[in-house]
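# 3D model of this:
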Amino acid sequence: MQAVYQWCGASNRLSGIRTIAFRIGVHPNNLHLFLAERWPGAFAGLDAVFVSYTEGRDSARLLLEGRIDICGTGSTPPILARAAGADVRYVAASAPRPANGGIVAAPDGPIRTIADLVGRRVALLDGSFHTYLLARALEAVGCSLRDVTRVELSPAASLAALGAGTVDAWVAMAPLLDRAIDDGQARLILRCGDSIPNRSVFWTLDRRGVSAGVLDGFTAALSGLGRAIAADPARAAGLLAGTGADVSAWVRTIAERDWSIFPAGAAILAEQQDEADTLMRHGDLA
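Have a look, this model is predicted:
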């Protein structure tokens, strides 16, 4: 039975049928939805509630469990979900984010190029866009993911490990990426825009039964929020300042990003297929 999407706990006055909310998953690494939850009136046109969780790699499980109806992640989680048999439906995507991530090394260490990573330990959030970025960067110099040791660490732990010399490189994200470079704690080897589009993608599962009208309303609301963020980066930075960086660092991150949102179409699907093909070549997909 397909759900009717209205406010949580609401009742249909004519039929008496109890309805549930359109549940939007939100985690700190998807800035569009993290801000949507906190921006007054951002999704006022939707009967929706936000469901918070820790990180994007949990999204597929929460969708499968029926705890959320839509999410926003990097490009990799929906590919891994589809490879595991989930009925993924792409809804929308952000503009590319070329400055949002990169591969860095210790400022005085031996790593100067991507080719220098062979045989080295690289800190990252495996199964996120970090894996894809590393794969494409290595592939460009004739190497693969099999040529490095991937070390699963949080961003803060990755920076500490880089400083301690227990990892040789780190796949990092803004704003911590830029702060580490500016403070002399890391040296940039490659920006993600040199290798991958690095978009946010917004997706659901067919089994969640969300109507096309609700998905169109979600995309329209997200697009409107993007315009509001671009017009008032200081306000957005203030809302993000409690997530690991100060206001000035977030203002820089927001200003460097195109906050446009597009419905998912053939171009997005082609990018996702290219990533899936890449991960298969590197042995991360069957």
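# C-alpha only now, for contacts and for neighbours.
Noted.
# how near is Thr278 to Gly163?
31 Å (C-alpha to C-alpha, to the nearest Å).
# before we move on, what about Val151?
15 Å.
# what's the answer for Gly56, then?
Per C-alpha to C-alpha, Gly56 is found 26 Å from Gly163.
# same question, Val91
From Val91 to Gly163 the distance is 40 Å (C-alpha to C-alpha).
# which one's more surrounded, the two?
Val91 (22 against 17; other C-alpha atoms under 10 Å).
# ok now the helix or strand where that one lies, how far from the chain's centre?
For Val91, the element it lies in under DSSP states H and E is strand 88-94. Strand 88-94 sits 12 Å away from the centroid of its parent chain (C-alpha atoms, centre = their mean, to the nearest Å).
# isn't Ser75 up against Phe202?
No - using C-alpha atoms under 8 Å, Ser75 is not in contact with Phe202, being 9.1 Å away.
# mind listing what Leu279 touches?
Tyr132, Ala135, Leu285 (C-alpha atoms under 8 Å, 6 or more residues apart in numbering).
# buried members of those residues into PyMOL, please.
Those of the contacts of Leu279 that count as buried under 16 or more other C-alpha atoms under 10 Å are selected in PyMOL with:
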select buried, resi 132+135
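# nearest to Leu215, of the contacts of Leu279?
Taking C-alpha to C-alpha as the measure, Leu215 lies nearest Tyr132 of the contacts of Leu279, at 27.3 Å.
# the closest one against Asp277, yeah?
No - contact between Tyr132 and Asp277 fails when scored by C-alpha under 8 Å: they sit 10.6 Å apart.
# residues shared between the contacts of the two?
Contacts common to Tyr132 and Asp277, judged by C-alpha under 8 Å, 6+ apart, are absent.
# SS state for Arg57?
helix (DSSP: H, G, I helix; E, B strand; the rest coil).
# low-scoring stretches of this structure, by residue?
1-20, 243-245 (pLDDT under 70).
# okay, now the domains of it?
The record's domain split for the chain, according to automatic domain parsing, is 22-95+199-281, 104-194.
# run the chain-centre distance for the longest helix seen in the chain.
In the chain, with assignment by DSSP state H, the single longest helix is helix 212-231. Between the centre of helix 212-231 and the centre of its chain there are 17 Å (C-alpha atoms, centre = their mean).
# just the buried residues of that helix, please?
215, 217-226, 228-230.
# same question, stretch 194-214
Those would be 195-205, 208, 210, for stretch 194-214 by 16+ other C-alpha under 10 Å.
# among those residues, name the ones in strands.
Among the buried residues of stretch 194-214, DSSP state E puts Val201, Phe202, Trp203, Thr204, Leu205 in strands.
# what's the distance between the residue nearest to the fourth one when sequence neighbours are not counted and Ala60?
Translated: Thr204. Using C-alpha to C-alpha, 6 or more residues apart in numbering and skipping residues adjacent in sequence, the residue nearest Thr204 is Ile70, 4.6 Å away. In this view, Ile70 and Ala60 are 10 Å apart by C-alpha to C-alpha.
# which of the two has more neighbours?
Neighbours were counted for Ile70 and for Ala60 using other C-alpha under 10 Å; Ile70 has more, 28 against 24.
# ok, now how distant is the more buried one from Ala220?
With C-alpha to C-alpha as the criterion, Ile70 and Ala220 are 14 Å apart.
# ok, Phe202 next?
Taken as C-alpha to C-alpha, the span from Phe202 to Ala220 is 12 Å.
# returning to what we had before: take the buried residues of stretch 194-214 and write them to CSV, including distance to Leu176.
Below are the buried residues of stretch 194-214 laid out as CSV (distance: C-alpha to C-alpha, whole Å):
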residue, distance to Leu176
Ser195, 20
Ile196, 20
Pro197, 20
Asn198, 17
Arg199, 18
Ser200, 18
Val201, 22
Phe202, 24
Trp203, 26
Thr204, 29
Leu205, 32
Arg208, 35
Val210, 36
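# closest one to Ala99 out of these, please.
For the buried residues of stretch 194-214, the nearest to Ala99 is Asn198 (9.0 Å; C-alpha to C-alpha).
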